[in-house]
Structures are given as C-alpha cells and as structure tokens.
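**Q** 3D model of this:
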Amino acid sequence: MTRLIELLISLAIVLALFLIVGFLLPSSRHFETSVETNRKMTIVYDTLNSFRRFDEWNVLVAHDPGMERKLAGPEEGVGARFEYSSDQKGVGDGSWEIVDSKDGQSVSYTITNNQRGKNKRTTFLLEPTGRNDRNVKITQTYDVDYGMNLLGRYAGMYVSSNMGQEMKMSLARLSNMLAAVPNYDYDELSKDDPSMAPRVEQRQASNLLVVGAQVERNNDVVQRTMKNNMQWIDKVMKANDLVADGPVRIITNELGGDSYSFEVAQPVRKADGASEDDAAASEDEAADEEADTEVADAGEEAAAPAGQLDIELQGPVKQVYVEAGTVAAVPFKGHMANLSKVRDALRGWALTRGYQTVDRPYESWNNGLDQGFTEEGEFVVYWSIK
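**A** Residues are numbered from 1 along each chain as shown. So this is what the prediction gives:
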C-alpha cells in the first residue's frame, strides 16, 4: 500500500511538472532561414508565386514521390493551392495555399498537415542584395500556434530540427534549381507593351526547305550567307511550283564566340491551290494506307509523314517536315544581334513556368532578312516545349 501511495505521489509530481513546464513553454513558435541566389528577382518571385515547380524544390514531395497531388485555384498568386495525400504515416494529407503575394517582395502560404499546431504559415521574403543589388536573398519564415495544447507546446521545442531542417533543405534545392534558369529578366521584353510578353502557342505542321551553314560570327558575313542560302531555296521553290507558307525562319544550331551555326528554313506549300481539300484528302489516304499496311521487314524505311510534299531538291537544299506541336513564343522588334538574349529570356520564362524546352530555338523573320539586320527587324522567337 505504501509503495502504491509513493507511486501515485511520483506520478502526481511528474504530471505537475509536465503541466507547469508546459504552461511556461511558448504558445507559438517562429523559425527562419535564408539562402542567396544570383538569379533575377522576376525569376525568383515567379517561381515561388505558383506551384508549377513546387515538386522540384520542396522536400515535401521527396518524402513520398508517389503521393497523390492536385493543383487547385488559379495558376499563380493568391488562391493557388497544392493538395496532397499520402499513405505514409509521417506525411498524410495536407495542402499549401498562397494567401498573400507582393511582386518582387514576398510570397506567403498557409500550410495544413497532420503535425501539431494551427495557423501554420510560411513566408518567403525577397530582398535585393550583393553588389549593385544583383543577387536576391530569400528568407523563409515559419510560424505556428499551439495555444493551450501542451503537447503542441512540447512539440514546438523541435521545430528548428524538424520543420527547420526541411526548410533548409528546400531552400538549398530551390537555389540549385534556379541556377539552371537563364538569368535574364523576361519582364523586360514587355515592359512597354504587354502584347510583347512570352506565351504558349500551338504550331501548325509545315514543310520546310532548309540550307545550313557555319560562318564567322560577323553580321555582314552572316547576312550574306543567309541571302545566298535563300537563293538556293528560291531556286527549288520555282522548280517545284512552290510558294512561301509563312516568313523565313532561322534555326540556331550553335552560337559560339567566334562562329555561328544556323539553318535558313522556308515554310512552303504548293502554289496551284491543291492545298486544303487535296492535302486533307491526301492525309486521309495516307492514314488509311498506313493503317492497312504491315511492315514486313524491320529494316524497311518508314513512310513519309502525311502532309509532306513531294519535292525535287537541288544543291544543298534539304526538305524537313515539322509536325504540329506546342511552343513558347515571344515577339521582338530590333536588330538580330539581340536575338540570343531574347532566346535565353524565353527559355527562362518557360522553365520558370514548369515547361521543358526541347529541340532548337528558331525565329520567324517577319519583315525579311534585310530588315532583320537593322533596328526595324520584326521577329517571333520560338522554342518547342513538352
């Protein structure tokens, strides 16, 4: 009996200490950590102001790559929401939602998960730093309330080692991810005219006549070579009764310090008007033939794509059939010497929005080759995306 009384007294003392310490512990917790990046503020802000690349930098998904994920609300800004559901006990169900964003300053999320506490909120504060403010300091803060939940208050003692560690890992991943984005402020492309902003478009299928070249990186040499290549293309067009089916394109293969490798590509179509109805019928016939034909020999060459023109080539001219697809596109007015920066800015815009660029970039020279080598050049820059 005495031992039982002693046990009960001991338990009472432990409980009293638990309650006393619990009431003395903070009812809320705050933690913050920082990282620095040399990417433009626009890139950093746009990345955090949406969930397009959330999977790539936030370690939440790394805990269970197979978790069910769902995006809700607008694509970016206040109301954008990331919802998840996992069978793993340590992950469970939850969500992140953007509840406040100030352009170039901060992005705030509310967090719902199965961990103790309520009013969970994390904010990314963005601050220009470094020489001439070229870098961006990203400070992530985390706040959680426990109120009178004593177990929660005790759990708060480990915020820095639990949530804090995840924040540090996520910021490190974010910094590495941003480092792969071309460091150009794509907002500059449309600061004076919103219609010049990058966008996603659907590209139509086309037949191209192509002549490639690799020349000295000199505007006069490049211009002369492009015009000479167009003469070959014009010759083939005339011999095959073809007409231009859009502006001439310049496809960049490699832009080095001393040389420029590119292709002049002219979209073409038949000039006799057998265009739409006959071409559609031709495509249907080709599709029927392909469906009815079995390839007997694995080494046999594949049939030409439906819609590809039958062209007799000359000299260095090649024929390329380009399938329809999705592209990132941006208009540009100015000298062709600036196109390399525009290409990189477009790729940065696409990557920031979670698109993967593929193949080679190209431009439509809307007012011709000669104008393209002046400040009056008008272009649309394209990059295929998945």
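
**Q** got any ranges where the stretch 201-350 of the chain has weak pLDDT?
**A** Applying pLDDT under 70 to the stretch 201-350 of the chain picks out residues 273-304, 306.

**Q** Is residue 254 in contact with residue 261, as I believe?
**A** Yes - taking contacts as CB atoms under 8 Å, residue 254 lies within contact range of residue 261: 4.4 Å. In short, each C-beta sits where N, CA and C put it, glycine included.

**Q** So between those two, which is more surrounded?
**A** Neighbour totals were compared for residue 254 and residue 261, and residue 261 leads with 15 against 10 (other CB atoms under 10 Å).

**Q** and the more buried one, what does it touch?
**A** Under the criterion of CB atoms under 8 Å, 6 or more residues apart in numbering, the neighbours of residue 261 are 212, 213, 214, 252, 253, 254, 255.

**Q** that older thread, pull up the overlap in contacts between residue 254 and residue 261.
**A** Here residue 254 and residue 261 have residue 214 as joint contacts, going by CB under 8 Å, 6+ apart.

**Q** now the helices for this protein?
**A** In the chain, the segments counted as helices under DSSP state H are 2-24, 41-48, 54-57, 59-63, 150-155, 163-178, 219-239, 276-292, 339-352, 368-372.

**Q** Now residue 118: closest residue in space, sequence neighbours ignored.
**A** residue 145 (5.4 Å; CB to CB, 6 or more residues apart in numbering).

**Q** Likewise for residue 90?
**A** residue 63 (6.7 Å).

**Q** residues near the one you found, how many?
**A** Residues lying near residue 63 (other CB under 10 Å) number 13.

**Q** For residue 110, see how far away it is.
**A** Distance, residue 63 to residue 110, by CB to CB, to the nearest Å: 20 Å.

**Q** Residue 164 too?
**A** For residue 164, the distance to residue 110 equals 19 Å [CB to CB].

**Q** got a pLDDT number for residue 109?
**A** Residue 109 carries a pLDDT value of 97.

**Q** and it, what does it touch?
**A** Residue 109 makes contact with 96, 97, 98, 99, 121, 122, 123 under the criterion CB under 8 Å, 6+ apart.

**Q** The same query, at a cut-off of 7 Å, please.
**A** The neighbours of residue 109, taking CB atoms under 7 Å, 6 or more residues apart in numbering as the test, are 96, 97, 98, 99, 121, 122.

**Q** so what's it bridging to?
**A** residue 98, residue 122 (DSSP bridges).

**Q** Can you report how many residues neighbour residue 140?
**A** 21.

**Q** same deal with residue 220?
**A** Count around residue 220 with other CB under 10 Å applied: 9.

**Q** please begin residue numbering at 198 from this point
**A** Fine by me, first position is 198 from now on; the one you just mentioned is residue 417.

**Q** what about it, distance to residue 534?
**A** Counting by CB to CB, the gap from residue 417 to residue 534 is 12 Å.

**Q** next one: residue 459
**A** Using CB to CB, one gets 13 Å for the distance from residue 459 to residue 534.

**Q** closest to residue 529 among the contacts of residue 306?
**A** The nearest member of those to residue 529, counting by CB to CB, is residue 295 at 31.3 Å.

**Q** show me what contacts that closest one?
**A** Neighbour list for residue 295: 246, 274, 275, 276, 277, 304, 306 [criterion: CB under 7 Å, 6+ apart].

**Q** do residue 260 as well
**A** Contacts of residue 260 by CB under 7 Å, 6+ apart are 285, 287, 288.

**Q** Just the buried ones out of those, please.
**A** Those of these that meet the buried threshold are residue 288, by 16 or more other CB atoms under 10 Å.

**Q** follow-up on the earlier one: just the closest of the contacts of residue 458 to residue 268, please.
**A** residue 449 (33.6 Å).

**Q** is it true that that closest one touches residue 557?
**A** Yes - here residue 449 lies in contact with residue 557, judged by CB atoms under 7 Å, at a distance of 6.1 Å.

**Q** Leaving out the residues flanking it, which one is nearest to the spatially most central residue of the chain?
**A** Residue closest to the average C-alpha location in the chain (CA atoms, centre = their mean): residue 548, at 2.2 Å. Nearest non-adjacent residue to residue 548, counting by CB to CB, 6+ apart: residue 378, 4.9 Å away.

**Q** tally of neighbours for that neighbour?
**A** Using other CB under 10 Å, residue 378 has 22 neighbouring residues.

**Q** again, but for residue 318
**A** Other residues near residue 318 number 15, with proximity taken as other CB under 10 Å.
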